[in-house]
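*Asks:* model the following, please.
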Amino acid sequence: MKVQIITVLLSLVATAAIAAPSQAIYTKILQQGVPQDALERTVRFMDDHAGRSFQQSTYQCSKWPVGSIKPCEESDRSPSTQVVTLERPETIVIIDYSQPSTNRRFYLINMRTGDVIRYYVSHGKGTGNSNWATRFSNIKDSKQTSLGFYLTGDFYYGSYGKTLRMYGLQSSNDQAFNRDIVLHGAWYVGEDFINSKNPKTGQPFGRLGVSWGCPALSLSIATKLIPVLEKGSLIYHYHKDLMEAAMSGTEVSVTEPARRK
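*Replies:* I've put the predicted structure just below:
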């Protein structure tokens, strides 16, 4: 196995190392709607793992220069590893997949100031071809979203423009690189899609479109946020009912709220 050691450096703008948030900052973040359990888990994860290096299962493409992070066909891949290091970033993201896609469930959080901005974000087709995310796993080709903490890396230009590599830091998402789970923009994310008509039913979709497992933002928002988030930001894919079960890496699921008895 070819071993390639790469340490993800911190972006001075987006991910300058900071101390743990003060109580005032913590309270300010919660007052802007960030789920308390998700924030507590995020702060605890950074407290426990700041400065830690994580070895990642990745691949190298024979058609690209050594060190390229751009995807390629399976036939062009050879196994590789990378090492990424988590510091205490200034900018973090919590995506609350307990919420429907019609909610702005992507929370962009500045841990220094406590400011929060919310955006629409998609989930994977295998996670639910509806308004709700109900099935998650770390399984290749499942088109499912993987729960857990991710560290951002560099970006490359893909089908949707700037695309941000993410490295899964837990057993629930440590195949993120091999599955090409990345942050990108997409035409099917935003109010225009939610309100557009489904050609099969003639009724509004009433939801965002779905990805192949990636968190997708609108194209315009992705263009703005990827330079902010690259190289060392922490992104948390969260579901209030499934975080412990998801650590198995196998499929975990919940029932859509509208169908619960």
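*Asks:* drop to CA atoms for contacts and neighbour counts, all remaining ones
*Replies:* Fine.
*Asks:* now the single longest helix found in the chain: mean pLDDT?
*Replies:* In the chain, taking DSSP state H as the definition, the longest helix is helix 36-49. Taken as a whole, helix 36-49 has an average pLDDT of 97.
*Asks:* mind listing the strands the helix or strand following it pairs with, and their directions?
*Replies:* Sequence-wise, the next helix or strand downstream of helix 36-49 (DSSP states H and E) is strand 53-61. Each strand paired with strand 53-61, and its direction, by DSSP bridges: strand 77-85 (antiparallel).
*Asks:* so how far is the strand it pairs with from its chain's centroid?
*Replies:* Offset of strand 77-85 from its chain centre (Cα atoms, centre = their mean, to the nearest Å): 19 Å.
*Asks:* ok, stretch 75-90 next?
*Replies:* Counting by Cα atoms, centre = their mean, stretch 75-90 comes out at 15 Å from the chain centroid.
*Asks:* got the CA positions of it in PDB?
*Replies:* Once non-C-alpha atoms are left out, stretch 75-90 reads as follows in PDB (Å, rounded to 0.1, in the frame of the first residue of the first chain):
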ATOM      1  CA  SER A  75     -10.100   1.500 -12.000                       C
ATOM      2  CA  ASP A  76      -7.600   4.400 -11.700                       C
ATOM      3  CA  ARG A  77      -7.400   4.300  -7.900                       C
ATOM      4  CA  SER A  78      -4.700   2.800  -5.700                       C
ATOM      5  CA  PRO A  79      -5.000   2.700  -1.800                       C
ATOM      6  CA  SER A  80      -3.300   5.400   0.100                       C
ATOM      7  CA  THR A  81      -3.500   7.100   3.500                       C
ATOM      8  CA  GLN A  82      -3.400  10.600   4.700                       C
ATOM      9  CA  VAL A  83      -2.900  12.100   8.200                       C
ATOM     10  CA  VAL A  84      -5.000  15.100   9.100                       C
ATOM     11  CA  THR A  85      -4.700  17.100  12.300                       C
ATOM     12  CA  LEU A  86      -7.600  18.700  14.200                       C
ATOM     13  CA  GLU A  87      -6.900  22.000  16.000                       C
ATOM     14  CA  ARG A  88      -9.500  24.200  17.600                       C
ATOM     15  CA  PRO A  89     -11.000  26.000  14.600                       C
ATOM     16  CA  GLU A  90     -12.700  29.400  14.700                       C
END
